[in-house]
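J.: Predicted coordinates and the sequence they were generated for:
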Amino acid sequence: MTNTALVVGASGIVGNTLARRLRERGWDVLGLARRPPTDVEGLRPIAADLLDPGALRNGLQGVTPSHVFLATWLRQPTEAENIRVNGAMVRNVLHALSEARSVKHAALVTGLKHYLGPFEAYGKGSLPATPFREAQPRLDVDNFYYAQEDELFAAAERDGFSWSVHRPHTIVGYAVGNAMNMGTTLAVYATICRETGRPFLFPGSAAQWNGLTDMTDARLLARHLEWAATTDSARNLAFNVVNGDVFRWSWMWGRLAEWFGLQLAPFPGEGTPLARQLADAAPIWADIARRQQLIEPDLGILASAWHTDADLGRPIEVVTDMTRSRKLGFLDYQATDDSFFDLFERLRKTRIIP
């Protein structure tokens, strides 16, 4: 029988990439979002607000997925609100599907804030030693990832399906208008530097410039999600998901500069946040888009300086252990510089950047 996937958050980096992957693999795929994508061939769109239980029940009426993939969140001004809103979204989706009892497996995408703490306390206080391992306990702080997990666990126990939790590091992938989009943000920043002659300054901390780190390609994450959802030994487990290589930003920044034909600016010893560097850049980008006939002139839609600054400004190095997946047979690998280059090529092809 053909598996039927409900991809929640189908318009985002993870959801869009996953929907494409599953369609290519012969799955029947339904894409749930407030504004479902139209660029995935064969995707059946479902438009609904995850915070409106009535509208969600109506949108999912008659929908009987065998697998649910939860890959969405809404940023709120406080962590208490993040917990309330993002926990409710997971609860509402799984409750709307409960009566049909069709779900065999549900997968939740969270991230390394599981180990680093929420935005209000990101990378601060007492943190577990790196590399981060799935067996490490939760931090003693409120965190909306924990609330989402708890909603998943409760629904799985109630309805009898298996679950998996997937914790990627910073995700590199294609999406427009996504709040956590370092790849496109850096592509836009590099383009502005090239067009204006500004120095291509690393915006992060000395710890990130000099220390080791890793990242997650959205395509590898999509493969990992499918693998865990269809592998018996991966049921009811949480997994870290990263590309498999490690690097220092002092090396990667030079690779990115070279791709855009830029000189590598010396690291000044402390970060120069993108939020500051791009504070006056909206009209500059609008002019570049007009001259180069790009499809999106609004810098605010393409670049998420705040999130890139949070990732690159951490005071500690971050490396992630994938032993749990490796032992169970998931051996995929992706070079992170190629993740960036593949994304940049696609952004150029689709006229996001010149």
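T.: That came through, no problem.
J.: Thr17: neighbour count?
T.: Neighbouring residues of Thr17 were enumerated by other C-beta atoms under 10 Å; the total is 26. Placement of C-beta: from N, CA and C, glycine included.
J.: Am I right that it is in a helix?
T.: Yes: counting by DSSP: H, G, I helix; E, B strand; the rest coil, one finds Thr17 located in a helix.
J.: Could you double-check that it sits in contact with Gly173?
T.: Yes: Thr17 sits in contact with Gly173 when judged by C-beta atoms under 8 Å, with a separation of 5.3 Å.
J.: and Leu30, what element?
T.: With secondary structure defined by DSSP states H and E, Leu30 is part of strand 28-33.
J.: now do Ser164
T.: In this assignment (DSSP H and E), Ser164 forms part of strand 162-168.
J.: just to revisit the earlier point, need the residues touching each of Thr17 and Gly173.
T.: A shared contact of Thr17 and Gly173, defined by C-beta atoms under 8 Å, 6 or more residues apart in numbering, is any residue touching both; here these are 218-219, 221.
J.: Quick check: mean pLDDT of the helix or strand following the strand holding Ser164?
T.: Later in the chain than strand 162-168, the nearest helix or strand by DSSP H and E is strand 171-172. On average, the pLDDT along strand 171-172 is 96.
J.: Counting by contacts, list what strand 171-172 packs against.
T.: With contacts defined as 3 or more C-beta pairs under 8 Å, 6 or more residues apart in numbering; DSSP states H and E, the packing partners of strand 171-172 are helix 182-196, strand 216-217, helix 218-229, helix 336-349.
J.: do you know which of those lies nearest Pro297?
T.: Between Pro297 and those, the tightest spacing by C-beta to C-beta is seen for helix 182-196, at 11.4 Å.
J.: Report the distance from the closest one to the chain centre.
T.: With C-alpha atoms, centre = their mean, to the nearest Å as the basis, the distance from the averaged C-alpha position of helix 182-196 to the chain average is 19 Å.
J.: now the angle from it to helix 336-349?
T.: 60 degrees (axes from the mean of the first three to the mean of the last three C-alpha atoms, to 10 degrees).
J.: which of the residues in helix 182-196 are buried?
T.: The neighbour-count criterion (16 or more other C-beta atoms under 10 Å) identifies 182-194 as the buried residues of helix 182-196.
J.: Adding distance to Ser250, write those residues out as a markdown table.
T.: Rendered in a markdown table, the data for the buried residues of helix 182-196 read as follows (distance: C-beta to C-beta, whole Å):
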| residue | distance to Ser250 |
| --- | --- |
| Met182 | 17 |
| Gly183 | 19 |
| Thr184 | 22 |
| Thr185 | 19 |
| Leu186 | 15 |
| Ala187 | 20 |
| Val188 | 22 |
| Tyr189 | 17 |
| Ala190 | 17 |
| Thr191 | 22 |
| Ile192 | 22 |
| Cys193 | 18 |
| Arg194 | 21 |
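J.: of all the residues you listed, which comes closest to Arg91?
T.: Sorting these by distance to Arg91 puts Met182 at the head of the list, at 29.3 Å, by C-beta to C-beta.
J.: Identify the residues contacting the closest one.
T.: Counting by C-beta under 8 Å, 6+ apart, the residues that Met182 touches are 170-172, 304, 307-308, 311.
J.: between the residues you listed, which has the most around it?
T.: Across these, neighbour numbers were computed from other C-beta under 10 Å; Val172 holds the maximum, 27 neighbours.
J.: and Gly59, how many neighbours does it have?
T.: Applying the criterion other C-beta under 10 Å, we find 18 residues in the vicinity of Gly59.
J.: Skip the chain neighbours and tell me the closest residue to it.
T.: Leaving aside its sequence neighbours, Gly59 sits nearest to Ala48 (C-beta to C-beta, 6 or more residues apart in numbering; 3.7 Å).
J.: and that neighbour, how many neighbours does it have?
T.: With neighbours defined by other C-beta under 10 Å, the count for Ala48 comes to 22.
J.: so how far is Ala5 from it?
T.: Using C-beta to C-beta, to the nearest Å, one obtains 16 Å as the distance from Ala48 to Ala5.
J.: And for Gln61?
T.: From Gln61 over to Ala5 (counting by C-beta to C-beta), the distance is 18 Å.
J.: Same drill for these two, tell me which one is more crowded.
T.: It is Ala5, of Gln61 and Ala5, that has more neighbours when counted by other C-beta under 10 Å, with 29 against 10.
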